[in-house]
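In: Please find the sequence and the predicted model below.
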Number of protein chains: 2
Amino acid sequence: MSERPDQNPLLTPLAASLPSTVPFVGPEAQERAAAAPFKARLGANESTFGPSPNAIRAMRQSVKETWMYGDPESHDLRAALATHLDVGMDEIVVGAGIDGLLDSLVRLTVTTGTPVVTSAGAYPTFNYHVTGYGGTIHTVAYTADFEDPDHLIAKARQVGAKLIYMSNPDNPMGTVHTAATIQRMIEGLPENCLLVLDEAYIELAPNGTAPPLNTSDSRVIRMRTFSKGYGMAGARVGYAVGHASLIGAFNRVRNHFGMSRVSQIGALAALADQDWLADVRDKVEASRQTLYQIAEDNGLIAIPSATNFVTIDCGRDGAFARAVLASLVAQGVFVRMPFVTPQDRCIRISCSVPKDMALVSKALPKALADAQKV
Amino acid sequence: MSERPDQNPLLTPLAASLPSTVPFVGPEAQERAAAAPFKARLGANESTFGPSPNAIRAMRQSVKETWMYGDPESHDLRAALATHLDVGMDEIVVGAGIDGLLDSLVRLTVTTGTPVVTSAGAYPTFNYHVTGYGGTIHTVAYTADFEDPDHLIAKARQVGAKLIYMSNPDNPMGTVHTAATIQRMIEGLPENCLLVLDEAYIELAPNGTAPPLNTSDSRVIRMRTFSKGYGMAGARVGYAVGHASLIGAFNRVRNHFGMSRVSQIGALAALADQDWLADVRDKVEASRQTLYQIAEDNGLIAIPSATNFVTIDCGRDGAFARAVLASLVAQGVFVRMPFVTPQDRCIRISCSVPKDMALVSKALPKALADAQKV
């Protein structure tokens, strides 16, 4: 630690011990390195279908309000969400995406050595925050490309975990558990263990995937976002729903004036346009089918997805999949892939408009051929 | 702590000990409580002069890009700032306003019991973060409505402080120290003590107020914002400039994907329009003169300001000033005031357009009369 020549002496021991690596490199950094823009941006599960036109209009009109801070309570958005979800306003907190909410949640609950449980290869930003607050990460393997509730629970019991992180539908594999399975998981939680249920992709999953929101149950916190189905990744609006005693605690640590005013107004308009969301669901489903077909055309197996991306098994090991990915990126198609074996035999491609699907269809055979040569 | 009936058992001991109070209540909350909108919004030193029309245009045009995450490196904005300030890109970090940057900085440097020094009645959000990470706040008094560099340094030496927080120009008093004074303060810092120099209002201060940026000096970090002079409070864009070893450490804890894409683009356009900033400076100066005159017309003393607000001494105690403020608010004029004696004999009014100044001119005599009756 202190051997790092660039280490600043003012850092706390914990800060000094943290790695400089980041969970994700942005596509812009790759474009700068390649000195060429991507032709298709399919690596971050952004929605090329975009936000509701009503949200676009509301944001355009509200730009002139940028001189004003956003409402630190995000009152109007929380009120609309409370109505939409049939929960209390004091059971919802709005933050700068699920990433920002995970930061606050981990800060509230994790300190040096606090054990948490997640799946090996699940969302790395959760791990980033746990490490950042000194917690200890315990992992269990995926089972057949699904996060495994029974194994997560068993591990949590074994290590005395305070948090279990699980995404449903899952990122990066796209698989999903039923509401009944999730509810059973909640019922099986050890005492004093919180399920952090990341539902970033829930709007794109089959109806009924989410178990009913029961905010009287303090054993679970649900996290959702306007970044995926609602198509507003750049606005940075997420929300968490849970027991008022936990949600209220966010007010002790969060950046109260951290929300963009334009983003708050955009999210409010996006939420009100459920017809647009339904249309996006249809477009995502069509794109999934296209990606399944592209995989099949190339002799590969696509993993059935409940999200706005499709994870494709390249049929060999991680080195091979990384070579496929490298060729796709070199051909101007930004995609990503799972980090951990055995999921890293796959690449992950975001659903998108037909023009982008055509690019994938054209680039994938060459990528597979390129990878064979490596 | 654990006696709080609403206390969630999952909180860390530190989180459980934190107060539920927040640094500032937003004007929207006051409007909701009063069931009436403010006629003038002059309490948060937002800029009614607004951002550059070029920034407005750039943000409007970029709304359609909201489906994309912002660049996690804020590369283009940092590159433009580096050129503008003649420092290296690795010496600048962009974050969600100075508030967000203070959060990261305090997290990197403060742990349980870490002593820090600030002035009694200075920016409460710094204290919020220090308390939030378990640090110990030591204060010194203002001297004649100025933050007192000598006393801050002496106190830091006495308590072994790791951080000294000072704003220049000062908020909430509007007073300012010369570059020479600040530079002398830097030279007098105890070893292993960082000066956190909050320059939120620097663009509105007399030319030459900021000492030269010397990023080879690891004893100081400078924080600036697009919220005040640039008129973009609702966009949430701030930046910190300092030694690369400290700035680089922000990457270990910050929310990499936390910036709104529209805000990044807006800030870039705002920075490029220095003519607009110069025009805002002129308008702010005219408004300051108006506020000085309004104070004089009411037999009050205005404190000369180097910011976009004027702090007016109401001539009696805190109870009287609070009564003046309450009447102004009841008349639809949102203003704030210092929290701490003896500065709380004052009210603080943001500079604004002539229409708002006319409202202040009309409301203040009645407010003073109302306060006499209390």
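Out: Cool, got the structure. Residues are numbered from 1 along each chain as shown, chains lettered A, B, ... in the order given.
In: Residue numbers of the stretch 51-200 of chain A in contact with chain B?
Out: A:51, A:55-56, A:59-60, A:63-73, A:75, A:96-97, A:99-100, A:103, A:107-111, A:114, A:132, A:162, A:192, A:194 (CB under 8 Å from any CB of the partner chain). Any C-beta I mention is one placed from the backbone N, CA and C, and that applies to glycine too.
In: all strands of chain A, in order?
Out: Applying DSSP state E to chain A gives strands spanning A:40-41, A:92-95, A:115-119, A:136-140, A:163-167, A:194-198, A:220-225, A:238-241, A:301-303, A:309-313, A:333-334, A:346-350.
In: and of those strands, who's closest to residue B:258?
Out: Nearest to residue B:258 among the strands of chain A is strand A:92-95 (9.5 Å), distances taken as CB to CB.
In: Show residues contacting the closest one.
Out: Contacts with strand A:92-95, where a contact means CB atoms under 8 Å, 6 or more residues apart in numbering or on different chains, come from A:74, A:77-78, A:81-82, A:85, A:101, A:104, A:237-241, A:247, A:250-251, A:254, A:258-259, A:264.
In: burial measure for whichever residue of the stretch 101-250 of chain A sits closest to chain B, as a count.
Out: Here the stretch 101-250 of chain A gets closest to chain B at one residue, residue A:234, 3.3 Å apart by CB to the nearest CB. Residues lying near residue A:234 (other CB atoms under 10 Å in any protein chain shown) number 29.
In: that older thread, are any of the residues of the stretch 51-200 of chain A next to chain B buried, and if so which?
Out: A:51, A:55-56, A:59-60, A:63, A:66-73, A:75, A:96-97, A:99-100, A:103, A:107-111, A:114, A:132, A:162, A:194 (16 or more other CB atoms under 10 Å in any protein chain shown).
In: Okay, the residue of the stretch 251-374 of chain A found nearest chain B and residue B:197: tell me how far apart.
Out: Closest to chain B within the stretch 251-374 of chain A is residue A:261: 3.3 Å, counting by CB to the nearest CB. Using CB to CB, to the nearest Å, residue A:261 is found at 27 Å from residue B:197.
In: Ok, residue A:43 next?
Out: From residue A:43 over to residue B:197 (counting by CB to CB), the distance is 39 Å.
In: Would you confirm that residue A:159 contacts residue A:117?
Out: Yes. Using CB atoms under 8 Å, residue A:159 is in contact with residue A:117, at 6.7 Å.
In: Among the two, which residue is more densely surrounded?
Out: residue A:117 (27 against 15).
In: got the residues of the stretch 201-350 of chain A near chain B?
Out: Checking the stretch 201-350 of chain A against chain B by CB under 8 Å from any CB, the hits are A:218, A:227, A:231-236, A:243-246, A:248-249, A:251-253, A:255-263, A:266.
In: Just these: which are in helices?
Out: A:244, A:245, A:246, A:261, A:262, A:263, A:266 (DSSP state H).
In: Just give me the neighbour total for the fourth one.
Out: Residues within reach of residue A:261, counting by other CB under 10 Å, total 24.
In: Could you check the pLDDT of residue A:350?
Out: At residue A:350, the model reports a pLDDT of 98.
In: Next up, the contacts around the closest residue to residue A:365 other than its chain neighbours.
Out: Spatially, and ignoring its direct neighbours in sequence, residue A:365 is nearest to residue A:298 (6.0 Å; CB to CB, 6 or more residues apart in numbering or on different chains). Contacts of residue A:298 were listed using CB under 8 Å, 6+ apart, and they are A:364, A:365, A:368.
In: if I look at the closest residue to the first one other than its chain neighbours, how far off is residue A:317?
Out: Okay, so that is residue A:364. With CB to CB, 6+ apart as the criterion, residue A:364 has its nearest non-adjacent residue at 5.4 Å, and that residue is residue A:298. The gap separating residue A:298 from residue A:317 is 17 Å, by CB to CB.
In: I'd like the strands of chain A written out as JSON lines, with distance to residue B:346 added.
Out: JSON lines is the format used below for the strands of chain A (distance: least, CB to CB, whole Å):
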{"stretch": "strand A:40-41", "distance to residue B:346": "52"}
{"stretch": "strand A:92-95", "distance to residue B:346": "34"}
{"stretch": "strand A:115-119", "distance to residue B:346": "48"}
{"stretch": "strand A:136-140", "distance to residue B:346": "50"}
{"stretch": "strand A:163-167", "distance to residue B:346": "46"}
{"stretch": "strand A:194-198", "distance to residue B:346": "46"}
{"stretch": "strand A:220-225", "distance to residue B:346": "43"}
{"stretch": "strand A:238-241", "distance to residue B:346": "39"}
{"stretch": "strand A:301-303", "distance to residue B:346": "64"}
{"stretch": "strand A:309-313", "distance to residue B:346": "56"}
{"stretch": "strand A:333-334", "distance to residue B:346": "54"}
{"stretch": "strand A:346-350", "distance to residue B:346": "55"}
